[in-house]
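*Asks:* Sequence and predicted structure are below.
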Amino acid sequence: MNIDTNLSNVSLGALYRIKSLRLTPETCQQLREIGLAEATLVRPISKNAHQMICEAHNMRIGMQCRTARGIRVVQVSSAESEGLGR
């Protein structure tokens with residue numbers, strides 16, 4: 001059973017799938033425009049108290065942690081992750 005959490009609380013290096021965006025409509029639209037939409041696979045690679053960097057669609061995306069708190073994710077199983085070729 002996968003439990004969802006927000007993107008700012010996840011482990012670095014693990015693979016997650018975006019479950020939902022719980023932000024203002026304008027912020028949700030901006031995230032979708034850069035490829036961070038529901039069902040997108042994302043891997044957090046760096047984080048400090050105020051910002052984080054994630055990989056998605058073979059690009060790195062920086063965001064504020066307060067934005068990441070509005071992105072709900074579930075961790076991708078190791079079996080599913082292996083099937084992605086990474």
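*Replies:* Arrived safely, thanks for sending. Residues are numbered from 1 along each chain as shown.

*Asks:* ranges for the helices of this structure?
*Replies:* For the chain, the helices defined by DSSP state H occupy 25-33, 65-68, 78-82.

*Asks:* who wins for proximity to Lys47 among these?
*Replies:* Set against Lys47 and scored by Cβ to Cβ, the helices of the chain come closest in helix 65-68, at 7.2 Å. From N, CA and C alone the C-beta is placed, and that goes for glycine too.

*Asks:* for the closest one, packing partners?
*Replies:* strand 51-56 (3 or more Cβ pairs under 8 Å, 6 or more residues apart in numbering; DSSP states H and E).

*Asks:* quick one: strands adjacent to the strand it packs on?
*Replies:* Using DSSP bridges, strand 51-56 pairs in its sheet with strand 41-47 (antiparallel), strand 59-64 (antiparallel).

*Asks:* so where is the chain shaky, pLDDT-wise?
*Replies:* Scanning the chain for pLDDT under 70 picks out 1, 79, 81-86.

*Asks:* 50 - rerun?
*Replies:* 85-86 (pLDDT under 50).

*Asks:* which ones are touching the nearest residue to Asn6 once chain neighbours are set aside?
*Replies:* Spatial nearest neighbour of Asn6, excluding adjacent residues (Cβ to Cβ, 6 or more residues apart in numbering): Arg69 at 4.8 Å. Residues in contact with Arg69 (Cβ atoms under 8 Å, 6 or more residues apart in numbering) are 6-9.

*Asks:* Bridged to Gly62, which residues?
*Replies:* Assigned bridge partners for Gly62, using DSSP bridges, are Ile53.

*Asks:* what bridges to the residue nearest in space to the middle of the chain?
*Replies:* Among the residues of the chain, the one closest to the centroid is Val42, at 4.3 Å (Cα atoms, centre = their mean). Using DSSP bridges, the beta-bridge partners of Val42 come out as Tyr16.
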